[in-house]
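In: Starting from these lines, generate the structure:
(one chain, ligands or ions: 2)
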Amino acid sequence: MSPIQRTWKINGKPVKVRAPAGRRLLDYLRDDLGLIGSKEGCGEGECGACTVLIDGEPSVSCLIPVGQLSDGTDILTIEGIEKKRAGRLLQQAFLECGAVQCGFCIPGMIVSAYALLLRNPKPSAAAVREALSGNLCRCTGYAKIIQAVRLAASRLPASAQKRK
Ligand code: FES
Ligand code: FES
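Out: Numbering: from 1, shown residues only. Ligands and ions are numbered 1, 2, ... in the order given. Now for the predicted structure:
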């Protein structure tokens, strides 16, 4: 398959992409760009460890060939999210709530939680549970993770929510 040549925005910066069309987005991000925050768990779209935002939607990067993404695609990885206010609040809240054990699932959890806070700044526990239903954690237990997301949401001032 011939290589694609595209320009995407990754974590707010334009990136010229040249890669075989079938290369997985996860491999491109980790191996070609050194963005190793996104993890590979199952490699089959089941665990959410590789979640990134594509045009604002949580997406499992292990299932997406780069050739599927058009010019101008906007990708946000955990490295970009942790520079945003809501991302930092989420990280802090996960630590405070004891929601991190081995940590392997956490980048994907935070990406999905960040997307939730963009569309629902004050989510109920049920809304958090639903938003994270594609992200699996073997260690922590979901009660603390849900508590952490709601704590971060409670600390996000209404005036800052457009700039999350
Ligand atoms: S590694 Fe992508 S969903 Fe599990
Ligand atoms: S903290 Fe270990 S898998 Fe979630």
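In: so residue 8 is in which element?
Out: Residue 8 belongs to strand 3-10 when assigned by DSSP states H and E.
In: Neighbouring strands - and their directions - for the following helix or strand past that strand?
Out: Using DSSP H and E, the helix or strand that directly follows strand 3-10 along the chain is strand 13-20. In the sheet, strand 13-20 lines up against strand 3-10 (antiparallel) (DSSP bridges).
In: For the residue most central in space within the chain, what is the enclosing helix or strand?
Out: Nearest to the mean C-alpha position of the chain, by C-alpha atoms, centre = their mean, lies residue 111 at 2.6 Å. Using DSSP H and E, the element containing residue 111 is helix 106-119.
In: what packs against that helix?
Out: Where contact means 3 or more C-beta pairs under 8 Å, 6 or more residues apart in numbering; DSSP states H and E, helix 106-119 is packed against strand 51-54, strand 57-60, helix 78-81, helix 85-96, helix 125-131, helix 142-154. C-betas here are computed from N, CA, C, even on glycine.
In: Name the stretch among those that sits most buried.
Out: Of all those, strand 51-54 carries the top mean neighbour count, a mean of 24, counting by mean count of other C-beta atoms under 10 Å.
In: what's the pLDDT at residue 157?
Out: What the model reports as pLDDT for residue 157 is 82.
In: now it: how far from residue 34?
Out: Distance, residue 157 to residue 34, by C-beta to C-beta, to the nearest Å: 33 Å.
In: What of residue 107?
Out: Taking C-beta to C-beta, one finds residue 107 at 15 Å from residue 34.
In: Among these two, which residue is more densely surrounded?
Out: Using other C-beta atoms under 10 Å as the criterion, residue 107 and residue 34 rank with residue 107 on top: 25 against 8.
In: contacting residues around residue 120?
Out: Listed by C-beta atoms under 8 Å, 6 or more residues apart in numbering, the contact partners of residue 120 are 127, 131.
In: re earlier: tell me the angle of the helix holding residue 111 relative to helix 85-96?
Out: Following axes from the mean of the first three to the mean of the last three C-alpha atoms, to 10 degrees, one obtains 130 degrees for the angle between helix 106-119 and helix 85-96.
In: Please work out the average pLDDT along helix 106-119.
Out: Mean per-residue pLDDT for helix 106-119: 97.
In: near ligand 1 at all, that helix?
Out: No - applying C-beta under 6 Å from any ligand atom, one finds helix 106-119 out of contact with ligand 1, separated by at least 7.7 Å.
In: What residues does residue 19 make contact with?
Out: 3, 4, 28, 32, 66.
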